[in-house]
Every structure is written in C-alpha cells, then in structure tokens.
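In: let's see this in three dimensions:
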Amino acid sequence: MVRWLEGAVVLTDRVLEHGLVAVDGSRIGGVWDLSVSPRPQGQTEQTTTRLKAGYISPGFIDIHIHGGGGGDFLDADPEAVAAITETHSRFGTTGMLCTTLTASEADIVGAIRAAKAAPRKGARILGYHVEGPFINARFKGAQDERYARPGTTAEVDRIMAEGRPGDVWHFTIAPELPGHLEVIRHMAARGAVVSAGHTECTYDQLAAGAEAGVRHVTHLYNAMRGLHHREPGTVGAALTLPNLTVELIADGFHIHPAALKVAVAARGAESVILVSDAMRATGLPDGEYSLGVLPVWVKDGQCRLADGTIASSVLTMNKAVKNMVELAGVSLPAAVAMASRNPARRYNLPKGAIAPGLDADLVLLDPELNVLETIVGGETVFTKGQ
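Out: Alright, predicted model coming up:
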C-alpha cells in the first residue's frame with residue numbers, strides 16, 4: 001500500500017512548500033508540487049500523513065560515527081551496535097558507516113563482525129569507516145597512539161574480507177607516511193573511498209595522495225596540518241585540490257563558524273559532508289565515558305580527554321544541519337544535502353534525496369528541525385512520543 005506524505009518537501013535545490021511524496025514499499029514512488037499539479041489518483045485520507053508545519057526531508061547519512069546510546073562500535077557487541085543505530089535514528093539518521101578507531105586488527109575485525117550480527121533497529125549500517133590505525137601519531141587527536149602503525153595492503157585485504165557484497169568501504173590514512181601511496185592505490189583499486197586524516201601532509205604530499213587515489217578529507221581542520229600562506233598544508237590542499245569532498249563536524253566546538261563558511265565558500269556546498277563523529281555518550285546525560293580505551297568527560301555538549309583534547313562529540317545530524325543554517329548561513333536545502341545527497345553521491349548510493357526510484361529513507365522534522373518521524377526503506381523506525 002502506498003503511503004502519502006504531504007507538506008513542505010526539502011529537495012536538493014529548493015523547498016516545495018506544498019509538496020506530496022509517495023512512499024511505495026521501500027522506494028519513493030513520486031513527488032508532486034501541489035501548487036501547480038493536480039493530486040495523483042489513489043491518494044486517500046487514510047493513507048496520508050499531513051505535516052502542517054516543518055519539513056519532509058531525506059534521511060541523514062552519517063559516514064563518521066563511533067557510537068551513541070551507551071554503545072561504541074569497538075565494543076564488538078551486537079547489542080551495542082543496535083543501541084547506536086536506534087539512538088541516532090531518533091535524530092534523523094537513516095544510514096551510517098560503522099566507524100572504528102586506531103586499534104588492533106583483531107579489535108577492528110571484531111567491530112565489523114558485531115555490526116554484521118546486530119539486530120536491525122533504527123538506522124541501517126551501510127558499510128565501514130576504518131579511521132586509523134594508519135595515521136600519523138603526531139596528529140592522533142583522541143586516538144590511542146599505541147596502535148598507530150603503517151598500513152599494508154595485506155592488512156587492508158584482511159579487513160575488507162570481512163565485508164559483504166554491497167558494503168561501503170572507507171579508510172582514513174595519513175598519505176605522507178612511508179609506503180602509504182602504494183596502500184592508497186590499493187585501497188582505491190579495491191573500490192574503497194580513501195580519506196586523508198590524522199595527518200601532517202604538506203600541500204604537495206596531499207596532492208600526491210590525491211593523485212594516488214585520495215578522494216576525501218576526514219574532519220577538515222581537526223587533527224591535521226593547518227593553513228599557512230607559504231605552505232598551505234593539509235587544510236589548504238583540502239580546500240583547493242579538485243575532486244575532493246570534506247567532512248565538517250558542525251557542533252560549534254570543533255570548528256569556528258567563520259571556518260565553516262570558508263569551507264563552503266572554497267569547496268562549494270556540493271563537496272561538503274556533515275558528520276557527527278559521535279561517541280557513546282550521544283543521547284545520554286553529561287558524565288564520564290570512554291572512547292575506545294580513553295576516558296572522556298562530557299559536559300555542556302563538549303567531549304574532552306583529561307588534557308583538554310577534544311574527543312569525538314555528542315552531535316546529532318539534525319543538529320548539524322541546523323547549525324550549518326544558523327552558524328554558516330547556508331540554505332536549508334544546502335545543509336540537508338550536506339547530510340544526505342552529498343554522502344550518498346560519494347558512495348554512489350540510491351539514497352540521499354527525495355526523487356522517484358530512490359530508497360524511501362526519510363525524516364519528518366518540526367520547524368526547529370527536531371525529529372518527528374524517521375523512515376528507513378519505507379518503514380517507520382522512530383516516532384516522537386512512542
């Protein structure tokens with residue numbers, strides 16, 4: 001049976017103030033602008049949800065997320081994975097990448113296996129983001145430097161052997177380390193998205209990495225060499241080299257609002273991807289938690305190690321979208337695209353926009369962008385108040 005959603009529909013370039021969306025099974029069956037088009041045949045009161053205020057938006061895709069609801073992917077526990085996916089679905093996330101930290105190979109494999117074994121609750125696991133261990137320990141951020149190590153094609157192959165057909169693969173790597181250009185070429189040849197992160201790259205070194213296959217930059221500005229007018233560094237290269245997408249953690253703490261604006265102006269809104277980089281404390285009260293093996297203190301929305309280092313976040317994707325509108329001054333359709341269409345395009349997924357034939361991953365938002373309902377593959381996985 002077709003379900004109809006009527007209200008303000010967020011498209012990639014505009015908002016249809018009087019729009020109609022047909023959810024036909026697991027796909028979007030059609031989209032209409034009722035201000036200029038007649039109602040389609042078959043729409044009934046019984047099958048229509050009318051949103052009197054707020055927005056019908058594509059579901060959010062979080063490509064960099066470590067945990068939530070008390071769970072961390074490195075717990076290697078299917079129930080912890082379910083807590084993560086269920087928690088973030090309450091904030092509009094419909095798909096995510098199981099993201100690991102710098103850890104032993106056994107722990108990374110354990111996290112992947114737990115994600116595969118987890119019960120399906122809330123958002124869907126679309127694949128895996130291996131953030132480390134192939135990082136520069138000088139720019140480790142809140143990662144355990146004991147496990148930072150050079151990458152090898154053999155380890156990449158062993159990790160990717162844990163996947164299933166259709167899984168997305170994403171690796172964060174420091175391109176400047178010895179042997180890593182070869183590893184980058186191998187990752188790219190295997191179909192993975194290769195990302196520069198936790199890196200001391202000069203401009204020329206990231207350019208060499210991009211030539212080898214780097215196509216993305218992990219949490220722009222954070223844990224990387226900064227911009228200098230005579231040595232543009234990792235940040236300068238990330239903002240100007242062609243064919244790159246960049247992540248932004250738009251929580252108001254990781255990045256100054258002016259730097260958010262610089263990233264959008266330099267790269268273009270279509271090349272910016274919003275991420276949460278969320279940890280297990282997301283959706284829970286302030287207090288002491290852990291990120292991998294590292295203790296983290298959460299207070300007033302900020303997560304920090306004992307030495308003050310920012311450690312992940314408790315950001316949610318709906319809040320990231322709202323912050324880009326309020327702090328960076330981008331339009332709502334552009335901010336939504338940064339959380340939906342742009343990551344979907346990065347991985348060639350049939351998601352991320354409201355258009356016929358795409359997956360029916362949708363979120364209903366109130367005027368303040370709080371989540372009223374989250375729909376994954378045509379099925380409601382969260383309703384406010386239930």
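In: give me the element Ala83 is part of.
Out: Using DSSP states H and E, Ala83 sits within helix 78-89.
In: who's in contact with that helix?
Out: 62, 65, 67-73, 96, 98, 114-115, 117-125, 276, 278, 280, 282-283, 316-317, 374, 376, 381-382 (Cβ atoms under 8 Å, 6 or more residues apart in numbering). Glycine gets a C-beta too; all of them are placed from N, C-alpha and C.
In: what subset of those residues is buried?
Out: With neighbours counted by 16 or more other Cβ atoms under 10 Å, the contacts of helix 78-89 contain buried members at 62, 65, 67-73, 96, 98, 114-115, 118, 121-125, 276, 278, 280, 282-283, 316-317, 374, 376, 381-382.
In: so of those residues, which ones are in strands?
Out: Using DSSP state E, the members of the buried ones among the contacts of helix 78-89 that fall in strands are 62, 65, 67-68, 71-72, 96, 98, 124-125, 374, 376, 381-382.
In: redo those as CSV? Include distance to Lys52.
Out: Formatted as CSV, these follow (distance: Cβ to Cβ, whole Å):
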residue, distance to Lys52
Asp62, 29
Ile65, 32
Gly67, 35
Gly68, 30
Gly71, 35
Asp72, 39
Met96, 30
Cys98, 37
Arg124, 29
Ile125, 34
Thr374, 19
Val376, 24
Val381, 23
Phe382, 20
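In: of these, which is the nearest to His18?
Out: Using Cβ to Cβ, Thr374 comes nearest to His18 of those, at 22.9 Å.
In: leaving out the residues flanking it, which one is nearest to that closest one?
Out: Excluding the flanking residues, the one nearest Thr374 by Cβ to Cβ, 6 or more residues apart in numbering is Phe382, at 4.2 Å.
In: tell me the contacts of that neighbour?
Out: Glu86, Ser89, Arg90, Gly122, Val371, Glu373, Thr374 are the contacts of Phe382 under Cβ under 8 Å, 6+ apart.
In: surely the last one meets Pro58?
Out: No: applying Cβ atoms under 8 Å as the test, Thr374 and Pro58 come out as separate, 11.3 Å apart.
In: what touches both of the two?
Out: Leu362, Val363.
In: could you report the neighbour count for His228?
Out: Using other Cβ atoms under 10 Å, His228 has 11 neighbouring residues.
In: what sits against it?
Out: His228 neighbours (Cβ under 8 Å, 6+ apart): Gly236.
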